[in-house]
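1. please find the sequence and the predicted model below.
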Amino acid sequence: MMTQATAQKSWLKDLDPPEFLVAAWERQMKDLMNASLRRHGLRLVEWRLLQCVEAEADLTICDLAERAVLERTVTSRLVDKLAEQGLIHKSMMKHDRRFAQITLLEPGRSLLEVCSGE
């Protein structure tokens, strides 16, 4: 005969672990955001970089990578891509040319406004 405690434990065994549910939810959110942003020629990771640059001007690539929670090399490639598209400006720092400052340009700001309106 099954006791109430045994029935509760049985019910708990049928649940997915919380970390799986969080990962599944995260994937669904990324897919939804990417689908929405794709109409504007952006991916979620690019949108996130633009948001970070809008929030804080003149970030270095290292600072931007930290704020966007990305690898520095990935951030650097994405910055180059967004700069080629005319959404941000990448300028070498005068005191140390190994570093660059990233600034949001008006087309990038306008794109963020359009994306935020949805």
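-> All right, it came through fine.
2. any stretches of this structure with poor pLDDT?
-> Confidence mapping of the chain against pLDDT under 70 gives the ranges 1-13, 97, 118.
3. just the buried residues of the longest helix along it, please?
-> Identified as the longest helix of the chain according to DSSP state H is helix 18-38. Buried residues in helix 18-38, counted by 16 or more other Cβ atoms under 10 Å: 33, 37. No exception for glycine: its C-beta is placed from N, CA and C like everyone else's.
4. just stretch 95-112 next, same as before
-> For stretch 95-112, the neighbour count (16+ other Cβ under 10 Å) marks 100, 101, 102, 104, 105, 108, 111, 112 as buried.
5. list the residues that contact residue 115.
-> Residue 115 sits next to 36, 37, 40, 42, 47 when contact means Cβ atoms under 8 Å, 6 or more residues apart in numbering.
6. for this structure, which segments count as helices?
-> 4-13, 18-38, 44-55, 61-68, 72-84, 106-116.
7. would you mark the buried spots in the fifth one?
-> When you say that, I think you mean helix 72-84. Buried-residue list, helix 72-84, by 16+ other Cβ under 10 Å: 75, 76, 78, 79, 82, 83.
8. once you drop chain neighbours, what's closest to the last one?
-> Closest residue in space to residue 83, ignoring its immediate chain neighbours: residue 90 at 4.7 Å, by Cβ to Cβ, 6 or more residues apart in numbering.
9. what about the one you found, neighbour count?
-> By the criterion of other Cβ atoms under 10 Å, residue 90 has 15 neighbours.
10. for it, name its beta-bridge partners.
-> Counting by DSSP bridges, residue 90 forms beta bridges with residue 102.
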